[in-house]
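Q: Could you work out the structure for the sequence below:
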Amino acid sequence: MTSRINEALKRHHSGYNCCQAVACTYCDILGVPEDEMFRLSEGFGAGMGSMDATCGAVSGAVLLAGMKSSGGMQQHVSKKDTYQLSAQLLQQFREKNGTFVCKELKGMGTGKPVRSCDGCIEDACLLAERLLFSGNPDSK
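A: Predicted coordinates for the structure are as follows:
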């Protein structure tokens, strides 16, 4: 798989929030119309709308993990796998950046940003590609 980081960044620069930029970039792989994914992911941007919570970019990757689920409403067998993938995404994002909380990443209160939104989007895309789509983002 060729990395889609640049596509995600283009979406972000055109007005998508961080979650939308990540989630919408891969929605075609999952068979979800982009306008639907755009709406589903809207409230997860800016640290779930207030910068106090989980970074929107990594939230987008977690949303994609749920969309990859093989389970249905009647059988909840996939929940464990989705939780495990989500935990891996969050853990690896935190290992790289020291946190996955939006206001901490942006340096709110400290004045020292840890990672830009573009950087968070890059990290979330790399993790999604590696953990969810089994692609090598470095291959062309």
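Q: C-alpha from now on. contacts and neighbour counts both.
A: Fine.
Q: roughly how far is the least confident helix or strand in the chain by mean pLDDT from the heart of the chain?
A: Across the helices and strands of the chain, mean confidence by mean pLDDT, DSSP states H and E is lowest for helix 45-49: a mean of 89. Between the centre of helix 45-49 and the centre of its chain there are 12 Å (CA atoms, centre = their mean, to the nearest Å).
Q: Which residues in the longest helix seen in the chain does the neighbour count mark as buried?
A: In the chain, with assignment by DSSP state H, the single longest helix is helix 79-97. For helix 79-97, burial by neighbour count (16 or more other CA atoms under 10 Å) applies to 82, 85-86, 89-90, 92-93, 97.
Q: Give the next helix or strand downstream of that helix.
A: From helix 79-97 onward toward the C-terminus, using DSSP states H and E, the following helix or strand is helix 102-105.
Q: Check whether residue 82 really touches residue 67, as I assumed.
A: No. At 9.0 Å, residue 82 does not count as touching residue 67 under the criterion of CA atoms under 8 Å.
Q: picking up where we left off before, which strands and helices lie in contact with the least confident helix or strand of the chain?
A: If you count contacts as 3 or more CA pairs under 8 Å, 6 or more residues apart in numbering; DSSP states H and E, helix 45-49 packs onto helix 18-30, helix 56-67, helix 102-105.
Q: Please point out which parts of that helix sit buried.
A: By neighbour count on 16+ other CA under 10 Å, the buried set for helix 45-49 is 45-48.
Q: Which one of those is nearest to residue 35?
A: Within the buried residues of helix 45-49, the smallest distance to residue 35 is 15.8 Å, found for residue 45 (CA to CA).
Q: which ones are touching the closest residue in space to the closest one that isn't next to it in sequence?
A: In space, residue 45 comes closest to residue 56 once its chain neighbours are excluded; the distance is 4.4 Å by CA to CA, 6 or more residues apart in numbering. By CA atoms under 8 Å, 6 or more residues apart in numbering, residue 56 lies in contact with 17-19, 44-48, 102.
Q: Cool, thanks, signing off.
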